[in-house]
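Q: Sequence plus predicted model, see below.
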Amino acid sequence: MSVGRVLWASGPVLRARTTGSFQMREAVYVGSQSLLGEVVSINGEEIVAQVYEDATGLRPGEEIRGSGAPLGIRVGPGLLGNIFDGLLRPLSGCRPQYVEPGAGGGAACRFDFTPLVKRGEALGGGAVFGRVTPAQGRAQDCLVPPHVAGEVVDIADAGNHGEDAIVCRIRSAGGAVQEVAMGHFWPVRVPRPAAERLPSDEPLVTGQRILDCLFPVVLGGKAAIPGGFGTGKTVLLEALAKSCNADVIVYLGCGERGNEMAGVLEEFPKLTDPRTGRPLMERTVIIANTSNMPVAAREASIYSAVTVAEYFRDQGLHVALMADSTSRWAEALREVSGRLGELPGEGGYPAYLSSRLADFYERAARVRTLNGRTGSVTLLSSISPPSGDFSEPVTSHSKRYVRCFWALDIKRAQARFYPAIHPLQSYSEDAGELADWWVKAFGSVPAGAVAGRPANEWLELRRGFLTLLDEQVRLERMARIVGKDALPPRQQLALFCAEIVNEAFLRQSAFSDVDWYASPRRQAAMMRLIGRFIALAEQALAQGAPLERIAALGFLRPLQRMGEEIGEDRLGEFDVLAQRMEREFRGLSTEAGDVR
Amino acid sequence: MYARVTVQHAAARIEGPLLFLKRTLEVGLNEAVEVRGADGRARLGRIAALDEERVTVEVLESTTGLALPDVTARFFGEPLKFALGPGLLGRVFNGVGQVIDGGPPLAAHREPRIEGLPVNPVARETPRDFIETGVTAIDLMNSLVRGQKLPIFSGGGLPHDRMAVEIAAHARLRGARPEDFAIVFAGIGLPHERAEYFRRSLETSGGLERAALFLNLASDSSSQRLLTPRYALTAAEHLAFTEGKHVLVIITDMTNYCEALREVAGAKGEIPGRKGYPGYLYSDLATIYERAGCLRGARGTLTQLPILSMPSDDIGHPIPDLSGYITEGQIVLSRELERGGVYPPVNVLASLSRLMKNGTGRGYTHPDHPALASQLFAAYARAVQTRLLASVVGEEGLSESDRAYLAFGTEFERKLLCQDGPRAFEESMEAGWGVLRRLPQAELTRLSDAQIAGHVGVAP
């Protein structure tokens, strides 16, 4: 193992003279406290390393030891339901109240292991060789590390084993025998291999109407959520972590608030997954590097998180990675780059910011795994642009790599209109792929009184809503000049309908007991109801009913409160409401007819 | 740890606040140093960088008057620490933790590092309990919760000092003994008369016995400003987590802190970021703000109410912008309301308390509180929008319901925001229902029928 001596130290960066060879990006241990670091440049006998921990007390002459491997993490069955720091060291269990420097892992967990292969069987990289059932939580598969393949020479019997115990030996074609434990090591900066990337035609159902209906993201897709402070990025990400239909959630708190992490930790074990009825924590891995934890580890945390996500993907699961926020990661990159004396580029960020962002976003995919299953990693990352200005480097570069852009709007947030996603600044390039999926979702809802539906109702309604919201902005600008009453009745009605779309459909409280999650069926029912309302209102207006009469119809209040009042278990009530709407409009038209 | 060692004749270079010494003994990064010149005055410093031959010391005070041959440096062998013990309350300290009220020094029971250590997120308890500040705009609309960090974004000439003093005097926890509550006040770069105002106001309101004051005056060196909040927070942590009190830390003015950070970073020759502030301003502010919270197993809590003045009232300026990203919301003061005679002039729409949901509603304040606040926000937002419309087309061009909103907006500012003295929470709730009666009931879409029937009038 190579060693060196520290020559110079400043903040999280040090230079050392070495005897023996170090690799680029090799993990190193520094000084008597064994602080974890990573080699970032090599010049002859001199190396530069960044230290992932508080280096107080470090002095020249101290030893620096190479680990012989790139900075990596151990992925295995102990991940689900736990919380880790940016370098995937457990924070729960034996760690004290304060995070003190010095590399230390947690106690190794033990699991009930069941072998799924026999001696003599041939296994490829990424193959499943066993299954573990933890005391609580879901069963997981044990994977052969991707670069190991060959014949099983030895496999442990069913029983309780430590996470790091050798449970399988594999002889490769060359004759070398590799030892395999339930978990294995993987370098964080290297994407885990898959057999092939697959196109995706299924949405990540988020349970948020504005996302699923207007700006959907596919499984294996990538979305950026930019927003100034106070626009609800974190609340939205937490809501998605609770309600989306992924099998596994990796929640990365990157440079964010400690209290938020504490909130997640307290809330998730109590909440149940709306689909499986199991505690939400069982499908969640939390990686926390709060804003006051060492900055260099913040830079590494995003890679740890995506590696963990890929590990679950390789088991054939659908994984959603919530990264909150990539701006803090980019700032850590900038800070370390500054300490290394690199030339600053745009906004002080290093010139390689864009390519690093690309590396990260490209790890989102729906794939056929090495063992032939289908899995996906969906990336949802929030961005915190300085003063909410979307032209800054992190937002503008991210925009080039993501397919969904969910822009949060401070004006909506200030009116406590959540989720504060701006319908005109946001977009989704995935909507076209999902049209067929929604046909099925709409098909499962009884059409009730509504007749004559178009072939693709969802696409039609979506287009209708977006056009209406676009028109609203134009008309409001005009109303500001000429006054609302001076607009022709048809345009006044458009404003009124846009308001209904906003209030009754797009607004959805993450803290409501009823409305925090909307299933696709419920979304379809609401969407159809509002679409029908717009059609009926336009018809009534054309037949001569004044807008004031339409706005005074009795069903409007229950329509506006339907998200709050009609829960998942009472979907039939949408039909009742639809019938009441039809009835009241019919009354209106007979009245208008009488007048005529 | 080894004894404190003094080194003479080792200085090789002085550049701004940086002092370069020949390395004659084993010292570590970030350890504390005391530097004396011919004048014999002790200046605190910190080891910023090290190599085999040289030690770079960042002197936290002015290096004026230092000459190479006279420099003596005393190495502490450990980072800066604050000797703390009982009897902290009622005392006045300067910005670096020295007693300046003429009394005896503190008895040292523990010596924690002033930098503090990052709290393990697992050890944090979610902040839960409501703190009544007596300000309706905060209690009802943007509630403060124990363990939260909620800054006041203000501007020159706005009454943030008066608010701070009134909150310090009135703030109370429901269901806790008054002696469990303590206030730590940190003044950073305060003009002399302002420091006196705080000290006197706390004395007259009887609050001084439950407060510890840390005063860094405008005339003190700017590098000392960087230490003041750290000494104050170390004391606050001691009160909260060792003595088990609920501590409210009021820090004013964080803008002076950031200015000092910019000045020191510039002197060190660091690459400036936005508006000349160093790129690590966010991380640095986080090491201060993140020290608020509740710890599992500790009786006390630490709540922060930092005050910062937004340069030229610009909320997009790096200081309020980065603070807003770290803190759990913000209370924004408005010059327009202040001119209109509204006190406290809180712009409720721009203000936010992220932890409000944790400490309000059933079991904390009142079951209908969240719905009431949500309805007030929606209606006031609409009123402000309508006001804009009315300023263009005139009130005659408005519809019936828009005119109702205009009247509601005025009443909201006059009857709800405006207050002569502190209000109990129940009074704030009543004021909230009162102004809602101005609106047609069909507009109250965020209230349930039961809530309308119970508080506003008959259900539709």
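A: All right, it came through fine. None of these values were measured; they are calculated from a predicted model.

Q: burial of residue 283, as a residue count?
A: Picking chain A for this. Neighbourhood size, A:R283 [other Cβ atoms under 10 Å in any protein chain shown]: 25. Quick note: C-beta positions are derived from backbone N, CA and C, even for glycine.

Q: hmm, I had chain B in mind actually
A: Neighbours of B:S283 (other Cβ under 10 Å): 22.

Q: mind giving me the domain ranges of the chain?
A: Reading this off chain A. A:3-70, A:110-187, A:196-428, A:439-595 (automatic domain parsing).

Q: I was thinking of chain B, sorry if that wasn't clear
A: According to automatic domain parsing, the domains of chain B span B:5-75, B:92-358, B:369-456.

Q: What about the nearest residue to B:N347 once chain neighbours are set aside, how many residues nearby?
A: Of all residues not flanking B:N347 in the chain, B:S334 sits nearest, at 3.8 Å (Cβ to Cβ, 6 or more residues apart in numbering or on different chains). Residues lying near B:S334 (other Cβ under 10 Å) number 23.

Q: got the contact list for B:S334?
A: B:P345, B:V346, B:N347, B:A350 (Cβ atoms under 8 Å, 6 or more residues apart in numbering or on different chains).

Q: Dump these into a markdown table; add secondary structure, pLDDT and neighbour count as well.
A: Supplementary listing: those in a markdown table, determined by DSSP: H, G, I helix; E, B strand; the rest coil; pLDDT from 0 to 100; neighbours: other Cβ atoms under 10 Å in any protein chain shown:
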| residue | secondary structure | pLDDT | neighbour count |
| --- | --- | --- | --- |
| B:P345 | coil | 95 | 24 |
| B:V346 | strand | 96 | 23 |
| B:N347 | coil | 95 | 19 |
| B:A350 | coil | 90 | 17 |
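
Q: and which of those residues is nearest chain A?
A: B:A350 (6.2 Å; Cβ to the nearest Cβ).

Q: What separation do you get for that closest one and B:F412?
A: 15 Å (Cβ to Cβ, to the nearest Å).

Q: Same question for B:T6.
A: Distance, B:T6 to B:F412, by Cβ to Cβ: 65 Å.

Q: who's more crowded, those two?
A: B:F412 (23 against 11).

Q: The residue of the stretch 451-596 of chain A found nearest chain B: neighbouring residues, count only.
A: Distances between the stretch 451-596 of chain A and chain B by Cβ to the nearest Cβ are smallest at A:G483, namely 3.3 Å. Here the number of neighbours of A:G483 (other Cβ under 10 Å) works out to 18.

Q: Just give me the neighbour total for A:L553.
A: Using other Cβ under 10 Å: A:L553 sits among 20 other residues.

Q: ok, it - contacts?
A: When contacts are counted by Cβ under 8 Å, 6+ apart, A:L553 touches A:M581, A:E584, A:F585, A:L588.

Q: per-residue pLDDT, it?
A: On pLDDT, A:L553 comes in at 92.

Q: May I have the secondary structure class of it?
A: Under DSSP: H, G, I helix; E, B strand; the rest coil, A:L553 falls in the coil class.

Q: Quick check: which ranges of the chain have low pLDDT?
A: If you meant another chain, say so; for now it's chain A. Chain A contains residues with pLDDT under 70 at A:93-95, A:102-108, A:445-454, A:592-596.

Q: nope, chain B
A: Looking at chain B by pLDDT under 70, you get B:1-3, B:458-460.

Q: What residues of the longest helix seen in it count as buried?
A: Using DSSP state H, we find that the single longest helix of chain B is helix B:369-393. Within helix B:369-393, the residues scored as buried using 16 or more other Cβ atoms under 10 Å in any protein chain shown are B:369-386, B:389-390, B:393.
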